[in-house]
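1. fold the stuff below for me.
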Amino acid sequence: MTEFIPPGSRFIDLPSPFAMKRGGVLHGARMAYETWGALDADGGNAILIVTGLSPDAHAASNADDATPGWWEPMLGPGKPIDTDRWFVVCVNSLGSCKGSTGPASIDPGTGEAYRLAFPELSIEDGADAAAHVVAALGIERLACVIGNSMGGMTALALIARHPGLARTHINICGAARALPFSIAIRSLQREAIRLDPMWHNGAYTDDAYPESGMRMARKLGVITYRSALEWDGRFGRVRLDSDRRDDEDPFGLEFEVESYLEGHARRFVRRFDPNCYLYLSRSMDWFDIGESCGGGTEAGLAKLQLERALAIGVQTDILFPLQQQQQIADGLRAGGIDAAFLPLESPQGHDAFLVDIARFGPAVADFLAALPPAPTGRAG
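-> Numbers count the residues shown, from 1 in each chain. Here you go, the predicted model:
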C-alpha cells in the first residue's frame with residue numbers, strides 16, 4: 001500500500017468524524033490541494049477544479065512545485081484559466097492515493113492501512129470534502145467550479161449539496177449519471193483487479209502486488225479514453241520491428257498499438273493504488289444527480305442553483321458520450337439557468353480535454369472572461 005503525494009501538496013483536515021453518504025465515518029481524514037494566483041480581498045475570484053479518477057492536485061506548476069502538472073497548458077498566467085485574474089484551487093479526490101485520505105491511508109483507529117475497511121465511497125462524499133476545503137480557505141462563494149470527467153459528476157454533486165457555493169459551472173466531458181456502457185467497462189476493470197491472485201482481497205503488498213490486474217484495468221481504460229479515429233490515425237496497422245517482438249511468445253505483442261498500451265499500463269500500475277482505483281471507479285457507477293436532489297436526473301439538474309453554466313463534450317467520446325453533456329445543459333436550462341452546450345469535433349475522445357487545448361482552451365477562456373466580478377466571496 002503506497003501513497004503518491006506531489007511535493008507541492010498542502011493539506012486541510014476534514015471534520016472528525018466525517019460522515020459518508022452510504023454510512024460509516026472517517027476520523028482524522030484530510031484533503032490534499034494546491035493553489036495558483038492570489039485571492040482578492042473580497043474573495044470573489046476563486047475557482048475550484050475537481051478532477052477525474054487518477055489525477056492529483058498538481059494541475060500545473062506553481063511556487064511550491066515547478067514540475068509540469070496534468071493540465072499545464074490550461075492553467076497559469078495568461079492561459080485559459082488565467083491565474084493573473086483567478087485564484088485557483090485544485091483538490092485531490094477523497095478516496096485517492098495522492099494525498100487525500102483513501103483506502104491506502106492509515107486508519108488512525110488501527111494504525112494500519114484502511115484497505116477494504118474504508119467506508120463505501122460516493123461521489124457525494126468527494127463533493128462534501130471539496131466543499132470543506134473551499135470553506136476552510138475562507139471562500140464564501142466560488143466564481144466557478146470546473147469539473148473534468150469524474151470531476152464533472154463531483155461538481156454537480158457539490159452544487160446540489162451546497163447551494164450557493166458556486167456562481168457558475170463548467171462541466172467538461174462529465175455526466176449527471178453513469179450510463180450502462182460506462183458501468184460495464186468499469187465493472188470489467190474492477191474484475192480484472194479482483195481476479196488477480198495477488199490482490200488477496202485487498203491485502204496485497206508492494207512486493208506482492210496485483211500488477212496483471214492493474215495492467216488490464218488500465219488498458220481497458222485507455223482504450224475508452226481515446227477514439228477509434230485517433231487509434232487508426234496514430235498507429236494504423238504498423239507492426240513492431242523484429243527486435244521489439246518476443247518470438248518465443250506466439251501471442252506476444254505484434255502491433256505498435258499493443259506496445260503503446262503495454263507501456264502506458266506499466267507506467268501507471270505502480271503509481272496508483274489498486275484499492276483506491278476500485279473505490280473511485282465504483283463511486284462513478286453509483287452516481288445520479290437525481291439521487292442527490294430527489295426525483296429523476298433531469299429533475300435533479302433543474303433544481304440546481306447557478307447563474308451560468310457551460311457543458312463541453314466531444315463527438316468522439318465513447319466513455320462520457322456527447323448526449324450526457326447535452327443532458328446537463330438541457331436540464332440546467334429547464335431550471336432557468338443560462339446554460340450552454342458546446343460539442344467539439346476533436347478526434348481524441350474522452351481525453352481530449354487534456355491534450356486538445358487548441359479547442360478546449362478558447363471555450364474555457366471565453367466563458368471565464370465573460371464573468372463579471374462578484375460583490376463578495378470570502379467569509380468574514
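
2. which residue ranges of the stretch 151-300 of the chain form strands?
-> Secondary structure of the stretch 151-300 of the chain by DSSP state E, counting those that start in this stretch: the strands cover 166-172.

3. where are the low-confidence patches of it?
-> For the stretch 151-300 of the chain, the stretches with pLDDT under 70 are 242-248.

4. which parts of it are helices?
-> Read by DSSP state H, counting those that start in this stretch, the stretch 151-300 of the chain holds these helices, from start to end of the chain: 180-194, 211-225, 228-235, 256-269, 274-286, 289-293, 297-302.

5. in contact with the residue nearest the centre of the chain, which residues?
-> Nearest to the centroid of the C-alpha atoms of the chain, with distances taken as C-alpha atoms, centre = their mean, sits residue 52, at 1.3 Å. By C-beta atoms under 8 Å, 6 or more residues apart in numbering, the contact list for residue 52 reads 148-151. Just so you know, the C-beta spots here come from the backbone N, C-alpha and C atoms, and that holds for glycine as well.

6. quick check: closest non-adjacent residue to residue 357.
-> When the adjacent residues along the chain are set aside, residue 357 lies closest to residue 73, with 4.4 Å between them (C-beta to C-beta, 6 or more residues apart in numbering).

7. check what pLDDT residue 379 gets.
-> Looking at residue 379, its pLDDT reads 46.

8. same check, this time on residue 50
-> In the prediction, the pLDDT value recorded for residue 50 is 98.

9. bridging residues for it?
-> Note on residue 50: beta-bridge partners residue 91, residue 147, judged by DSSP bridges.

10. how close does it get to residue 66?
-> In this view, residue 50 and residue 66 are 24 Å apart by C-beta to C-beta, to the nearest Å.

11. tell me which of the two has more neighbours.
-> The neighbour count for residue 50 versus residue 66, taken as other C-beta atoms under 10 Å, is higher for residue 50 (30 against 9).

12. residues contacting the more buried one?
-> Contacts were defined as C-beta under 8 Å, 6+ apart; by that measure residue 50 touches 90-91, 93, 126-127, 130, 145-148, 151, 154-155, 158.

13. try it again at 10 Å.
-> For residue 50, the residues meeting the contact criterion (C-beta atoms under 10 Å, 6 or more residues apart in numbering) are 89-93, 123, 126-127, 129-130, 145-158, 174.

14. how is the protein divided into domains?
-> The record, using automatic domain parsing to delimit domains, assigns the chain the ranges 10-178+288-369, 183-277.

15. most tightly packed of those?
-> With neighbours taken as mean count of other C-beta atoms under 10 Å, these reach their highest mean count in domain 10-178+288-369, at a mean of 21.

16. report the distance from that one to the chain centre.
-> 7 Å (C-alpha atoms, centre = their mean, to the nearest Å).

17. same check, this time on stretch 213-221
-> Average the C-alpha atoms of stretch 213-221, do the same for its chain, and the two points are 17 Å apart (C-alpha atoms, centre = their mean).

18. likewise stretch 265-280?
-> Using C-alpha atoms, centre = their mean, the distance from the centre of stretch 265-280 to the centre of the chain it belongs to is 14 Å.

19. the residue lying closest to residue 209 once chain neighbours are set aside: what's it in contact with?
-> Counting by C-beta to C-beta, 6+ apart, the nearest residue to residue 209 once its immediate chain neighbours are dropped is residue 198, at 5.9 Å. By C-beta under 10 Å, 6+ apart, the contact list for residue 198 reads 204-205, 207-214, 274.

20. give me that answer again for 7 Å
-> Residue 198 is in contact with 204, 208-210, counting by C-beta atoms under 7 Å, 6 or more residues apart in numbering.

21. what's the farthest-apart pair in these?
-> The largest separation in the contacts of residue 198, counting by C-beta to C-beta, is between 208 and 210 at 8.5 Å.

22. show me where the stretch 1-150 of the chain has helices.
-> 123-136, 150-161.

23. with only the CA atoms kept, save the first one in CSV.
-> Written as CSV, here are the backbone C-alpha positions of helix 123-136 (Å, rounded to 0.1, in the frame of the first residue of the first chain):
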residue,chain,number,x,y,z
ILE,A,123,-19.2,10.9,-5.5
GLU,A,124,-21.2,13.0,-3.0
ASP,A,125,-18.5,12.3,-0.3
GLY,A,126,-15.9,13.8,-2.6
ALA,A,127,-18.1,16.8,-3.2
ASP,A,128,-18.6,17.4,0.5
ALA,A,129,-14.9,17.1,1.2
ALA,A,130,-14.1,19.6,-1.6
ALA,A,131,-16.7,22.0,-0.2
HIS,A,132,-15.0,21.8,3.2
VAL,A,133,-11.6,22.8,1.6
VAL,A,134,-13.3,25.8,0.0
ALA,A,135,-14.8,26.9,3.3
ALA,A,136,-11.5,26.2,5.2
